[in-house]
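Colleague: sharing a sequence plus its predicted fold:
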Amino acid sequence: MADSHFQEHVQLIARHEEEFVARRTPSERAGDVIAAFAGSLTFVVLHLLFFGCWVAVNTLNVAHIPHFDPPPFSLLGTILALEAILLAAFILMRQSRTNRRSEERDHLMLQILLLAEKELTAVVGMERQIAEGMGLHQVAKDAAIEQYSQDTSIDEIAQSIQENVPTE
């Protein structure tokens with residue numbers, strides 16, 4: 001029984017992730033592919049090979065190719081600067097999308113936690129009533145249990161956090 005309940009949650013989370021990925025625009029998909037490739041070892045190896053060939057062609061007599069970018073390789077520097085700008089843009093696009101997804105998850109988690117808090121408050125309140133009905137007055141009147149059976153003010157907690165947690 002627990003495995004099926006667990007599997008339901010895994011499938012639900014997987015479905016939410018698939019829906020998020022499916023909602024990406026074509027430009028977001030392209031940006032993700034480029035950013036993923038730029039973060040791979042293949043990308044690094046290809047660049048090292050490219051740089052090595054560029055330097056070799058422009059410093060040595062390789063296959064009788066004329067030196068089109070002699071040292072200090074200003075054309076190569078310009079190309080790399082443009083590539084860096086574009087890669088930075090693709091990576092920022094991917095991070096922005098990832099941040100949006102993270103915020104969606106945070107909002108979902110907050111809603112679930114608020115619901116769980118309300119449910120637990122109701123359960124503790126019912127248990128106090130049951131304890132009272134069974135004659136367990138000491139348990140029912142316990143200060144901590146009584147406090148847990150009271151509704152929690154989210155606004156008060158948020159205000160307390162703002163007042164007590166240092167900011168940067």
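Modeller: Good, I have the coordinates. Numbers count the residues shown, from 1 in each chain.

Colleague: the residue most central in space within the chain is in what secondary structure piece?
Modeller: Nearest residue to the geometric centre of the chain (C-alpha atoms, centre = their mean): residue 102, 4.4 Å. Secondary-structure assignment from DSSP states H and E places residue 102 in helix 74-133.

Colleague: ditto for residue 145
Modeller: In the assignment (DSSP H and E), residue 145 maps to helix 143-148.

Colleague: would you mind measuring from residue 160 to residue 121?
Modeller: To residue 121, residue 160 is 18 Å away according to C-beta to C-beta, to the nearest Å. (C-beta placed from N, C-alpha, C; glycine too.)

Colleague: what bits of this protein have low per-residue confidence?
Modeller: 1-2 (pLDDT under 70).

Colleague: secondary structure class for the residue lying farthest from the centre of the chain?
Modeller: Distance from the C-alpha centroid of the chain, by C-alpha atoms, centre = their mean, peaks at residue 64 (51.4 Å). With DSSP: H, G, I helix; E, B strand; the rest coil as the basis, residue 64 sits in coil.

Colleague: mind listing what it touches?
Modeller: Residue 64 makes no contacts at all, as judged by C-beta atoms under 8 Å, 6 or more residues apart in numbering.
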